[in-house]
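sequence plus predicted model, see below.
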Amino acid sequence: MADVAALAGVSAGTASKALNNTGQLSQETRDRVRRAAEQLGFTPDARGRALSSGRTYTVALVTTDSTGRFSIPIMRGVEDVLSAGQLATVLCDTRDDPLRELTYLRSMVARGVDGFVVTGRRTEPRPPIDVPLPVVYALAPSSNPTDASVIVDDAGGATAAITHLLSLGRQRIAHITGPVNHRSATARAEAVVSAAGDALCGEPLYGEWSERWGRQATEVILRQRPDAISCGSDQIARGVCDRLRELGHAVPDDIAVTGYDNWSVMAMASRPPLTTVDPRLEDLGRRAASLLLQAIAGKRHRGVLELPARLITRESTLGA
């Protein structure tokens, strides 16, 4: 540190503040100290940084999504923001086990993490965690409306898909989605019903988040003579496309198909590739991390922040 300070032409205390991003220093001074540190190959001692600041510069990401389908893109977004501030992220997979979650919470508090991001694989409100630290909920909001939560506008995403189908001249739209007891399935289905209006050719079909359900539901939906099928997930939509092709219906010439999630494993491997709604989970993670940093700095956000989803158009509605 003394060598860095000497090269930058400042005191050791000023050099420490510049490298730890503390104190009231000019940006020019901070930049000069950092250049000196880089030139000398100096790396600050994380333990010393923690002792001097009273922080560990570590955040815990607590999730119930053991498969990583939703938590991994959210974590990438969280890390984009936290790594810029030289914070580390610790992933805690509770596997939907309340006891396991409690054990993780106690362990992370004991280790002195600076805060928590809490997420999961479903969008239903969840009970808030009881910790004496800043917390932000991502995807699955807290049931306490004053807690900071960042969620996806599922209804807006589903509406965008239907608006797209209507703009293409589709006049008989059907909808296939997941379990009726899942908030994401019902929110998307209700938005489809509202947006489609008279173009809706039957009640939404609820089932599983699976390709198998998409294939099974297709045979039922075809009785409604649709020229478009809106699906509540990409897995369902891929199953729909497969079954339509087997039954001799061309996608999208005969029947257009839309999905939801923009899960590349499904959307890009589908034949044809799926027009789908992207919930922008990495952006959701970035926003959650930004709110957490603000809370750590003493500027807590209260309430739910809803981020817009984005429609991605591909061959399943536009053709080759």
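Right, received. Where do you want to start?

all contacts plus neighbour counts: C-alpha atoms, from now on.
Fine.

and the longest helix anywhere in the chain, what's buried?
With DSSP state H applied, the helix covering the greatest number of residues in the chain is identified as helix 281-296. Within helix 281-296, the residues scored as buried using 16 or more other C-alpha atoms under 10 Å are 281-293, 295-296.

try stretch 27-46
By 16+ other C-alpha under 10 Å, the buried positions in stretch 27-46 come out as 29-30, 32-34, 36-37.

what residues does it touch?
Among residues not part of stretch 27-46, those counted as contacts by C-alpha atoms under 8 Å, 6 or more residues apart in numbering are 1, 4-5, 7-8, 15, 18-19, 21.

and the residue nearest the centre of the protein?
The central residue of the chain, meaning the one whose C-alpha is nearest the mean C-alpha position (C-alpha atoms, centre = their mean), is Leu281 at 2.3 Å.

flag the least confident of the contacts of stretch 27-46.
Within the contacts of stretch 27-46, the minimum per-residue pLDDT falls on Asn21 (70).

excluding sequence neighbours, find me the nearest residue to it.
Leaving aside its sequence neighbours, Asn21 sits nearest to Arg30 (C-alpha to C-alpha, 6 or more residues apart in numbering; 7.9 Å).

just the element for the one you found, please.
Per DSSP states H and E, Arg30 falls inside helix 27-40.

contacting residues for the closest residue to Val152 other than its chain neighbours?
Residue nearest to Val152 in three dimensions, not counting chain neighbours: Leu307, with 5.0 Å by C-alpha to C-alpha, 6+ apart. With contacts defined as C-alpha under 8 Å, 6+ apart, the neighbours of Leu307 are 150-153, 284.

identify the farthest-apart pair in those residues.
Looking at the contacts of Leu307 by C-alpha to C-alpha, the two members farthest from one another are Asp153 and Leu284, with 10.9 Å of separation.

which secondary element of the protein has the worst mean pLDDT?
helix 46-53 (a mean of 52; mean pLDDT, DSSP states H and E).

that one: what's the following helix or strand?
The C-terminal neighbour of helix 46-53 among helices and strands, as given by DSSP H and E, is strand 58-63.

parallel or antiparallel, list what pairs with that next one.
Taking DSSP bridges as the criterion, strand 58-63 forms sheet pairs with strand 88-93 (parallel), strand 115-119 (parallel).

how about those strands, which one is nearest Ala191?
Distances from Ala191 to each of the strands paired with strand 58-63 were compared by C-alpha to C-alpha, and the smallest falls on strand 115-119, at 24.0 Å.

list the buried ones in that closest one?
Within strand 115-119, the residues that count as buried by 16+ other C-alpha under 10 Å are 115-119.

for the following helix or strand past it, packing partners?
Sequence-wise, the next helix or strand beyond strand 115-119 is strand 135-138, with elements assigned using DSSP H and E. With contacts defined as 3 or more C-alpha pairs under 8 Å, 6 or more residues apart in numbering; DSSP states H and E, the secondary structure elements packing on strand 135-138 are strand 115-119, strand 148-152, helix 281-296.
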